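*Asks:* any chance you can model this:
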Amino acid sequence: MKVRIGYGLGTQGLRDPATRFPRLVAALEREDFDSLWLSERIGSDALDPVVACAHAAACTHRLKLGFSVLVLPGRNPAVLAKELATLDVLSGGRLVPAFGLGIADEHEQRAFGVARGERAARFDELLPVVRRMWAGEVDGLDVRPKPGPMDVWLGGRAPSELRRVGRLGDGWLPSFTTPAEAAAGRAVVEAAAAEHGRSIDPEHWGVLIPYSDGGLPEVVADAVRKRRPDTDPADVVPAKAALRRHIEAFVDVGFSKFVLVPVAEPASWDDEVAAVADAVLSLQN
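*Replies:* The predicted model follows:
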């Protein structure tokens, strides 16, 4: 099993992004992190993930580029297929597309023009269309340039989301979860995949892990309690000092791809990335 460790920003913005985002990207490449992951949130200061990944691609040679996640319902599939194919080609095949439905938030739903109750059906319709466009299988519409083979990752922990991963996804990247929950979710995904004559690559099981620098800020703890009222926030948002043990617990249940996300922007990205690298990157093999 090949353990790979990436780094992300979640939905937070950056102080002085024109200066600090390139420093983060350079630090991740220098320290040999596997990948950079950017989330989509229209109503926050988070950078647009497609544009920011394109910027990161131009600044790096090795770093993979992923979304955690890109909202699919509400997008034009042909335009999206063209954008991501171009990004994959320009980055030398380093794009890792990951899609989701979008959060249950009125502002975000208005931004994408899709009602909450319509998101799942729209997603299930659009993802196969985008895949067919990449493969050149849509009559009358040839999307170029052609990307290389791209594995599509999906997030989510709800039963319907797990079954969707089995039906449509190539990998699973949940967040705010424990090793035991991840193992149980994997069983649901694998069963759904088998029902549809599919299987998930054993290397395509991942987890997004938010972490704190010491004590968990109360605003973050409150947000976790609202999202996971049955769980101690520290069980799903470990302190930086516990990150290595936390990752090892997921490795023990068969997960090998990780995205680490700080819950607050550090004073220095160079120092933060170097410290996290020292703590965990020896787990990569």
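
*Asks:* give the closest residue to the residue nearest the centre of the chain in space, chain neighbours not counted.
*Replies:* Nearest to the geometric centre of the chain sits Ser68, at 2.5 Å (C-alpha atoms, centre = their mean). Leaving aside its sequence neighbours, Ser68 sits nearest to Trp37 (C-beta to C-beta, 6 or more residues apart in numbering; 4.1 Å). No exception for glycine: its C-beta is placed from N, CA and C like everyone else's.

*Asks:* any idea which element that neighbour lies in?
*Replies:* Under the criterion of DSSP states H and E, Trp37 resides in strand 35-38.

*Asks:* ok, which stretches of the protein are strands?
*Replies:* 4-8, 35-38, 64-67, 70-71, 95-96, 98-100, 153-154, 171-172, 206-211, 257-262 (DSSP state E).

*Asks:* now do the residue lying closest to Thr86 once chain neighbours are set aside, the pLDDT please.
*Replies:* Nearest residue to Thr86 in three dimensions, chain neighbours excluded: Pro145, at 6.5 Å (C-beta to C-beta, 6+ apart). For Pro145, the model assigns a pLDDT of 94.

*Asks:* Pro145: neighbour count?
*Replies:* Using other C-beta atoms under 10 Å, Pro145 has 10 other residues around it.

*Asks:* could you do Ala239 as well?
*Replies:* 14.

*Asks:* surely it touches Leu216?
*Replies:* Yes: between Ala239 and Leu216 there is a contact under C-beta atoms under 8 Å: 7.4 Å.

*Asks:* would you agree Phe99 is in contact with Met150?
*Replies:* No: here Phe99 does not reach Met150: they are 11.3 Å apart, not a contact under C-beta under 8 Å.

*Asks:* comparing these two, which residue is more hemmed in?
*Replies:* Phe99 (24 against 17).

*Asks:* now the closest residue to the more buried one other than its chain neighbours: phi and psi?
*Replies:* Closest residue to Phe99 apart from its sequence neighbours, by C-beta to C-beta, 6+ apart: Leu72 at 4.4 Å. Phi and psi for Leu72, reported as degrees, to the nearest 10, are phi -100, psi -50.

*Asks:* show me what contacts Leu72?
*Replies:* 80, 99-101, 122-123, 126-127, 130 (C-beta atoms under 8 Å, 6 or more residues apart in numbering).

*Asks:* what's the answer for Val143, then?
*Replies:* By C-beta under 8 Å, 6+ apart, the neighbours of Val143 are 78, 81-82, 85, 133-134, 136.

*Asks:* leaving out the residues flanking it, which one is nearest to Ala191?
*Replies:* Gly166 (6.9 Å).

*Asks:* what's the angle from the helix or strand of the chain with the lowest mean pLDDT to strand 206-211?
*Replies:* Each helix and strand of the chain was given a mean pLDDT (mean pLDDT, DSSP states H and E); the minimum falls on helix 218-227 at a mean of 88. Helix 218-227 runs at 140 degrees relative to strand 206-211, counting by axes from the mean of the first three to the mean of the last three C-alpha atoms, to 10 degrees.

*Asks:* now stretch 80-88: mean pLDDT?
*Replies:* Here the average pLDDT along stretch 80-88 is 98.

*Asks:* torsion angles phi and psi at Pro145?
*Replies:* phi -70, psi 160.

*Asks:* so how far is Ser39 from it?
*Replies:* Distance of Pro145 to Ser39, computed by C-beta to C-beta, to the nearest Å: 26 Å.

*Asks:* quick one, helices of the stretch 151-285 of the chain?
*Replies:* Assigned by DSSP state H, counting those that start in this stretch, the helices in the stretch 151-285 of the chain fall at 159-168, 179-195, 218-227, 233-236, 243-251, 269-280.

*Asks:* could I get the buried residue list for the third one?
*Replies:* By neighbour count, with 16 or more other C-beta atoms under 10 Å as the criterion, the buried positions of helix 218-227 are 220-221, 224.

*Asks:* with those residues in mind, which one is nearest to Glu118?
*Replies:* Distance to Glu118 across these (C-beta to C-beta) is lowest for Val224, with 28.4 Å.

*Asks:* got a list of what the closest one touches?
*Replies:* With the criterion set at C-beta under 8 Å, 6+ apart, Val224 makes contact with 176, 216, 231, 233, 236-237.
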